[in-house]
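*Asks:* the sequence isn't on hand, but the structure is:
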């Protein structure tokens with residue numbers, strides 16, 4: 001690495017280009033074709049590609065591995081089987097959490113197993129399964145009912161009830177999947193990171209996004225925000241970096257203008273909170289901040 005940094009950088013860029021290119025091709029090609037057709041009046045046919053299962057997660061994981069090796073944070077893995085085990089670790093492959101190589105490197109080759117770990121893993125898995133099946137699916141039924149009736153036909157109280165149900169559904173659904181992944185990992189001897197930490201108890205939007213999908217937030221922080229300069233190069237650069245992170249976060253969630261707008265909205269909201277609202281926030285009662 002130290003002897004030929006230019007060559008290492010070339011291989012790093014090649015790896016990042018390959019990973020992002022694969023993700024772009026499968027996930028975003030039709031989105032760009034649709035917009036080209038809309039703007040230019042063309043009729044380029046859509047590809048209707050089937051999205052490979054878990055592609056957003058394992059492309060981020062392989063990129064984090066390559067970047068960490070380039071930085072010298074971890075040694076390059078010499079065993080292709082161990083590396084493949086990291087990339088396609090099935091408990092968290094489909095819905096996360098995002099696992100970095102350095103966090104489970106030792107456990108890939110040397111894991112400890114015990115009945116206590118199996119018991120803890122089963123307990124975590126069952127709690128996650130309960131959140132998904134008993135809560136998320138039931139609450140989702142109420143939200144779906146609102147859509148079936150038609151939003152223009154429902155009463156205001158039912159609309160509030162439905163949106164509350166949806167907010168709880170997406171939380172218990174994703175939190176349940178994350179707990180099931182952690183439980184299965186524990187059974188097999190892996191320590192999969194926490195992905196949720198009571199986000200609806202947060203006292204600010206900044207705190208909320210540190211508690212919701214924590215592994216995605218930490219990935220963008222470590223591999224996008226900090227390398228771009230973070231908050232070390234003045235307020236203007238910091239605002240730019242926050243907007244880049246949130247635009248990327250938006251399109252990571254889905255290939256359409258809704259998610260892109262969602263990312264821009266949260267970027268603007270967090271910038272407003274960080275530089276303006278924080279001065280008011282500190283003087284408000286806790287219940288209002290919550």
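*Replies:* Right, received. Where do you want to start? Predicted, not measured: the structure shown is a model, and the values here were computed from it.

*Asks:* what strand or helix carries residue 160?
*Replies:* Using DSSP states H and E, residue 160 falls within helix 156-188.

*Asks:* same question for that helix: list its buried residues.
*Replies:* The neighbour-count check on helix 156-188 (16 or more other Cβ atoms under 10 Å) flags 162, 165-166, 168-169, 171-188 as buried. Where C-beta positions appear, they are placed from N, C-alpha and C, glycine not excepted.

*Asks:* how many neighbouring residues does residue 91 have?
*Replies:* Neighbours of residue 91 under the rule other Cβ atoms under 10 Å: 23.

*Asks:* what residues does it make contact with?
*Replies:* Going by Cβ atoms under 8 Å, 6 or more residues apart in numbering, residue 91 touches 180, 181, 182, 183, 184, 185, 188, 190, 192.

*Asks:* out of these, who's nearest residue 54?
*Replies:* Of all the contacts of residue 91, residue 54 sits closest to residue 181, with 11.4 Å by Cβ to Cβ.

*Asks:* any weak-confidence spans in this protein?
*Replies:* Per-residue confidence for the chain (pLDDT under 70) gives these ranges: 1-3.

*Asks:* which residues in it form helices?
*Replies:* Counting by DSSP state H, the segments of the chain that form helices are 5-40, 55-71, 80-87, 90-93, 101-109, 115-130, 137-149, 156-188, 205-211, 214-220, 235-253, 257-272, 278-281, 286-289.

*Asks:* surely residue 123 touches residue 183?
*Replies:* Yes - using Cβ atoms under 8 Å, residue 123 makes contact with residue 183 at a distance of 7.2 Å.

*Asks:* reformat the helices of the chain as TSV; add distance to residue 46.
*Replies:* Output for the helices of the chain, formatted as TSV (distance: least, Cβ to Cβ, whole Å):
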stretch	distance to residue 46
helix 5-40	5
helix 55-71	18
helix 80-87	29
helix 90-93	27
helix 101-109	36
helix 115-130	36
helix 137-149	25
helix 156-188	28
helix 205-211	33
helix 214-220	28
helix 235-253	18
helix 257-272	16
helix 278-281	45
helix 286-289	45
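
*Asks:* so which of these gets nearest residue 47?
*Replies:* Ranking those by their distance to residue 47 (criterion: Cβ to Cβ) puts helix 5-40 first, at 5.6 Å.

*Asks:* chain center to the closest one, what's the gap?
*Replies:* For helix 5-40, the separation from the chain centroid amounts to 19 Å (computed by Cα atoms, centre = their mean, to the nearest Å).
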